[in-house]
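S.K.: Sequence plus the predicted model coming up.
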Amino acid sequence: MNEKNNKKILKTIMIIVLLIIVVGIGITVAYFSAQSLSNTQTIKTGGLSIVYEEDSKADIEFQITEPIYDEEIEDKATKIQFRAHSFVNEERYMNISIEEIEMAEELKTEDFRWALYETDKDYSNIGTKIADGDFTNTEAVKSLKKDITVAGKETKYYTLYLWIRETDEKQIGYGGKEFSGKIVIYGNEEKSEILLSEQIKKNNPISEDKPDFGQVAKTDEGLIKDVDDDGDTYYFRGAVEDNYVKFNGLKWSNNDEYHTTGDDMLWRIVRINGDGTIRLIADGSIGESAFNENYEDEKYAGYTYDNSKANVQDGENSTIKTYLEDWYNNNMQEYDEYITTSRFCNDTTVSSTSGGTIKYGAYDRLLKKTPSFKCPNTTKNYGGLYTDLKVGLITSDEVMFAGGGSNNNRSYYLYGKSEYSYTASPFTFTDCLDILSFDDYLGIIISGDAPQSVRPVIILKFDLLYTGGKGTKNSPYLVG
């Protein structure tokens, strides 16, 4: 009886030991555990067919266990293996990035590495490294390699490795941390040095149909073509979800109801201007200001006032102009190289005067539902067309084009990121000045009343190249 029990005990011990060995091997070899988040294994893009091999997927998610040496990555790092086949006769160019990244802050380090290798069709050796890097300062998008050439009818094979590098020094804070992202591969007929403005147009079907501006836009009406002072302009309208832009590393510097200091600061594309530059508005408020603290004279309708006839822009600054430029100088200098001067309109033309009331151009266009991107010439010594500013305000016309108006709209992309914010459009002046503001509708605010939210508008250079992102909130177009 004791002999039988001893045999049972011995058998149990052997099974436990075997399980420990198997688990131990599993932990070592499968140091990262890549997990599919979708069933997609094959995609087609720009003349290329991308096929993920067995146990590899575009969507990855893993948890960190322990560091490994660089020379061990072929055996111990996470592997994502895929092949790219050109099913056309001409060369195609492939861009690879990881997007929709979510990762622990502790992993934003040079110890967290990635490397992309071209290998043979059996993936039998590590192959030739074509790109590598780390995840320092990584945001939502990490570009891995651009313009990988795949010849016509050719098939190429690749392995992407991800790992924590062993440094032989004390490394803490990595264990158990999580990383997830989506491998995104674009195939192009031409090399990827494409202008951001062209990529935006490629990603969005363009309509030339003129909307009914008597109706607010509560659905996504996409990208629409019109004209401004410089040529063809393309504007987003309605409940748009793919017009986000992010400056790499830029954070909100203030708290309000919609964001806190240190959150990523996002922007929305208002339109591609006629000169190819891209007009952005902050996706929230940088704080509050009066339009002009003085408002008992019509000249305070001007973004500047007491302008000389020689230069509309050499007059006295409005309160809000000073506020915006102070904010820009304190927050945007690191990104100044990407931002240009272009047209900002503060329309102070008069549509009519009656009973001592001046009605400005925006009054007439809002009443008739006829917005325009063109800036009329004013005869006033305040306001007008500005061409040397780095930061300014949206116009009431641009709000109407975006989908707002005199009727309530809580669906279009400008709504709900701040309380009512100033436009650059004066409305009327009698014994005080009314400025149009926007949120769920275009309203009227007395210029010197309690300060209102301020949403800056900036303009990206026309020659800015596309570097990544799809324009969504989780994968914004990335600048810098």
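M.R.: Received, thanks.
S.K.: list the buried ones in stretch 78-88?
M.R.: T78, K79, I80, Q81, F82, R83, A84, H85, S86 (16 or more other Cβ atoms under 10 Å). The way it works is simple: take the backbone N, C-alpha and C, and place the C-beta from them, glycine included.
S.K.: In JSON lines: these, plus distance to Y300 and pLDDT.
M.R.: Formatted as JSON lines, those follow (distance: Cβ to Cβ, whole Å; pLDDT from 0 to 100):
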{"residue": "T78", "distance to Y300": "62", "pLDDT": "90"}
{"residue": "K79", "distance to Y300": "65", "pLDDT": "92"}
{"residue": "I80", "distance to Y300": "60", "pLDDT": "94"}
{"residue": "Q81", "distance to Y300": "66", "pLDDT": "94"}
{"residue": "F82", "distance to Y300": "62", "pLDDT": "95"}
{"residue": "R83", "distance to Y300": "66", "pLDDT": "95"}
{"residue": "A84", "distance to Y300": "61", "pLDDT": "95"}
{"residue": "H85", "distance to Y300": "65", "pLDDT": "94"}
{"residue": "S86", "distance to Y300": "63", "pLDDT": "93"}
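S.K.: Sort out for me which of the residues you listed are in helices.
M.R.: Among the buried residues of stretch 78-88, DSSP state H puts none in helices.
S.K.: which of those residues lies closest to T341?
M.R.: T341 has its nearest neighbour among those in A84, at 42.1 Å by Cβ to Cβ.
S.K.: What separation is there between that closest one and K145?
M.R.: Per Cβ to Cβ, to the nearest Å, A84 is found 12 Å from K145.
S.K.: cool, P456 as well?
M.R.: The gap separating P456 from K145 is 35 Å, by Cβ to Cβ.
S.K.: Comparing these two, which residue is more hemmed in?
M.R.: P456 (23 against 16; other Cβ atoms under 10 Å).
S.K.: Test for you: state the pLDDT assigned to the more buried one.
M.R.: For P456, the pLDDT comes out at 98.
S.K.: Identify the residues contacting it.
M.R.: Shown in contact with P456 (Cβ atoms under 8 Å, 6 or more residues apart in numbering): I281, A282, I286, L324, W327, Y328, V391, G392, L393.
S.K.: what secondary structure does the fourth one sit in?
M.R.: Going by DSSP: H, G, I helix; E, B strand; the rest coil, the secondary structure assigned to L324 is helix.
S.K.: Surely it and Y386 touch.
M.R.: No - using Cβ atoms under 8 Å as the test, L324 is too far from Y386 to be in contact (11.9 Å).
S.K.: which residues are common contacts for these two?
M.R.: G392.
S.K.: Just say helix, strand or coil for L162.
M.R.: Going by three-state DSSP: L162 is strand.
S.K.: was I right about it contacting A77?
M.R.: Yes - the criterion here is Cβ under 8 Å, and L162 meets it with A77 at 6.1 Å.
S.K.: what sits against the closest residue to D212 other than its chain neighbours?
M.R.: Leaving aside its sequence neighbours, D212 sits nearest to K369 (Cβ to Cβ, 6 or more residues apart in numbering; 7.9 Å). K369 makes contact with D212, F213, G214, M400, G405 under the criterion Cβ under 8 Å, 6+ apart.
S.K.: Neighbour-wise, which one of those residues leads?
M.R.: Going by other Cβ under 10 Å, M400 tops the contacts of K369 with 25 neighbours.
S.K.: Verify the contact between that one and S372 for me.
M.R.: No - M400 lies out of contact with S372 (Cβ under 8 Å); the separation is 9.4 Å.
S.K.: any shared contact partners between the two?
M.R.: R365.
S.K.: Show me what the helix or strand hosting A362 is packed up against.
M.R.: For A362, the host element (DSSP states H and E) is helix 361-368. Applying 3 or more Cβ pairs under 8 Å, 6 or more residues apart in numbering; DSSP states H and E, we find helix 361-368 packed against strand 350-354, helix 396-402, strand 421-429.
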